[in-house]
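> coordinates only, sequence not included:
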């Protein structure tokens with residue numbers, strides 16, 4: 001097609017799954033283009049904590065985090081609040097506190113120069129002449145069209161790739177709402193909040209340098225109203241909210257059955273949260289994103305003719321592990337079981353309070 005850019009693989013998305021795939025795919029064999037839609041103004045709303053599983057996934061590649069990705073304070077424990085039961089517990093956790101946008105951009109910087117990375121977002125996708133046509137808008141506003149042999153969807157929960165080619169996959173969907181506030185706190189713990197009256201998922205608070213962030217995952221219906229109700233309830237637990245500097249929101253998925261996972265088919269591959277690879281208990285998805293990007297690159301590097309079959313097979317154990325976390329979920333989200341677990345104090349830390357020097 002005259003005037004239409006041609007590539008072998010179009011990667012939609014610029015998060016950990018997409019950047020890992022782009023870094024490891026054989027770019028001498030495939031012409032690869034990554035379409036990264038994130039900018040500082042529309043970065044993914046995220047608590048921005050690197051969990052142990054994600055740390056292990058990075059360590060597998062001998063990667064260490066640069067200093068400019070990290071933010072203060074670092075996390076040794078999580079303050080867990082059960083609003084309805086009125087219980088607060090502290091549990092040891094080894095998270096790394098980071099700037100999520102800078103983290104994603106750092107991973108993209110590791111992608112070799114032989115892979116083209118464009119800032120922009122995909123507007124439409126369709127099959128055409130044995131391949132795919134994609135229309136995308138660049139950061140400068142220019143609209144372009146390209147043709148690809150394969151499409152890789154690494155574009156998160158509201159994936160245009162998944163929604164276009166696999167719209168029927170069942171999945172529980174939430175709206176994650178997050179607000180930023182100025183000012184810090186003398187006791188800047190990371191908090192995990194449970195309030196079954198406003199959400200059957202969880203909320204979080206985190207401090208990042210001079211900012212306090214509060215967010216949560218809510219059912220789409222009345223999500224903003226329930227978000228505000230939860231903030232009001234948290235005043236009784238010492239939370240103080242002023243005027244937000246900014247409010248951001250995005251879609252979050254929660255798998256609940258094997259049918260929730262979709263790895264793709266017929267020239268389309270899904271990785272990361274676009275494939276449903278996210279923990280149904282903690283909503284952590286970076287570790288699965290990195291692993292799925294790695295496995296897909298390996299499958300295409302080995303044999304593109306059998307890549308769909310081998311990719312699905314290699315992600316089988318991960319899908320089963322994520323589904324097994326549905327067993328853990330009731331102990332976190334079912335009010336009675338959570339109350340029993342928290343009242344027991346099992347694995348919790350006793351906090352010693354005293355005057356500071």
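Received, thanks. Values in this document were obtained by computation on a predicted structure and should not be read as measured data.

> any low-confidence regions in the stretch 51-200 of the chain?
For the stretch 51-200 of the chain, applying pLDDT under 70 flags the ranges 184-187.

> strands of that one, residue ranges please.
77-82, 87-92, 96-97, 116-128, 131-138, 143-153, 172-182, 190-194 (DSSP state E, counting those that start in this stretch).

> okay, those strands in TSV with distance to residue 52 next?
For glycine as for every other residue, the C-beta is placed from the backbone atoms N, C-alpha and C. Putting those into TSV (distance: least, CB to CB, whole Å) gives the following:
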stretch	distance to residue 52
strand 77-82	13
strand 87-92	11
strand 96-97	9
strand 116-128	29
strand 131-138	36
strand 143-153	27
strand 172-182	22
strand 190-194	14
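
> for residue 313, find the nearest of the ones you listed.
For these, proximity to residue 313 was assessed by CB to CB; strand 143-153 is nearest, at 17.8 Å.

> how many degrees apart are that closest one and strand 116-128 in direction?
80 degrees (axes from the mean of the first three to the mean of the last three CA atoms, to 10 degrees).

> report the buried residues of strand 143-153.
144, 146-153 (16 or more other CB atoms under 10 Å).

> ok, stretch 199-211 next?
So stretch 199-211, judged by 16+ other CB under 10 Å, has buried residues 199-208.

> now swap in stretch 56-72 and tell me
57-58, 69-71.

> repeat that for stretch 228-235.
Buried-residue list, stretch 228-235, by 16+ other CB under 10 Å: 230-231, 233-234.

> and those residues as TSV, adding pLDDT?
Shown next, in TSV, are the buried residues of stretch 228-235 (pLDDT from 0 to 100):
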residue	pLDDT
230	97
231	96
233	96
234	95
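
> pick out the most distant pair among those residues.
231 and 233 (7.4 Å).

> would you list every one of the helices in the stretch 1-150 of the chain?
With DSSP state H, counting those that start in this stretch, the ranges of helices along the stretch 1-150 of the chain come out as 16-24, 52-59, 100-109.

> using JSON lines, lay out those helices together with distance to residue 277.
Shown next, in JSON lines, are the helices of the stretch 1-150 of the chain (distance: least, CB to CB, whole Å):
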{"stretch": "helix 16-24", "distance to residue 277": "8"}
{"stretch": "helix 52-59", "distance to residue 277": "12"}
{"stretch": "helix 100-109", "distance to residue 277": "16"}
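
> for those, which one ends up most surrounded?
Per residue and on average, the most neighbours among the helices of the stretch 1-150 of the chain fall to helix 16-24, with a mean of 28 (mean count of other CB atoms under 10 Å).

> who touches it?
11-12, 32, 34, 36, 103-104, 107-108, 110-112, 115, 117, 152, 154-155, 271-274, 277, 286, 289-290, 292-294, 296-298, 301 (CB atoms under 8 Å, 6 or more residues apart in numbering).

> which of these are buried? Put it as a PyMOL command.
Per 16+ other CB under 10 Å, the buried members of the contacts of helix 16-24 correspond to this PyMOL selection:
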select buried, resi 11+12+32+34+36+103+104+107+108+111+115+117+152+154+155+271+272+273+274+277+286+289+290+292+293+294+296+297+298
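
> now do the same contact list for the spatially most central residue of the chain.
In the chain, the residue lying closest to the centroid (CA atoms, centre = their mean) is residue 285, at 4.7 Å. By CB under 8 Å, 6+ apart, the residues touching residue 285 are 272-273, 277-279.

> equivalent analysis for residue 194, please.
Counting by CB under 8 Å, 6+ apart, residue 194 makes contact with 80-84, 202-203, 332-333, 335, 338.

> what are the bridge partners for it, then?
According to DSSP bridges, the partner residues bridging residue 194 are residue 82.

> so which of the strands of the stretch 51-200 of the chain comes closest to residue 264?
Closest among the strands of the stretch 51-200 of the chain, using CB to CB: strand 143-153, at 7.3 Å.

> which other helices and strands contact that closest one?
strand 5-12, strand 116-128, strand 131-138, helix 160-165, strand 268-270 (3 or more CB pairs under 8 Å, 6 or more residues apart in numbering; DSSP states H and E).

> strands paired with it, and their directions?
strand 5-12 (parallel), strand 131-138 (antiparallel), strand 268-270 (parallel).

> re earlier: just say which of the helices and strands packed on strand 143-153 is most tucked in.
strand 268-270 (a mean of 26).

> list the contacts of that strand.
132, 150-154, 159, 161-162, 165-166, 262-264, 276, 296, 307-308, 311.

> and if you look at stretch 100-117?
Contacts for stretch 100-117 (CB under 8 Å, 6+ apart): 7, 14-16, 19-20, 22-23, 25, 27-28, 32-34, 36, 38, 40, 43-44, 46, 48, 50, 63, 65-66, 68-69.

> how much space between the residue nearest to the centre of the chain and residue 277?
The gap separating residue 285 from residue 277 is 7 Å, by CB to CB, to the nearest Å.

> repeat that for residue 236.
From residue 236 over to residue 277 the distance is 37 Å, taken as CB to CB.

> do residue 248 as well
Applying CB to CB to residue 248 and residue 277 gives a distance of 23 Å.

> equivalent analysis for residue 133, please.
Residue 133 is 27 Å from residue 277, by CB to CB.
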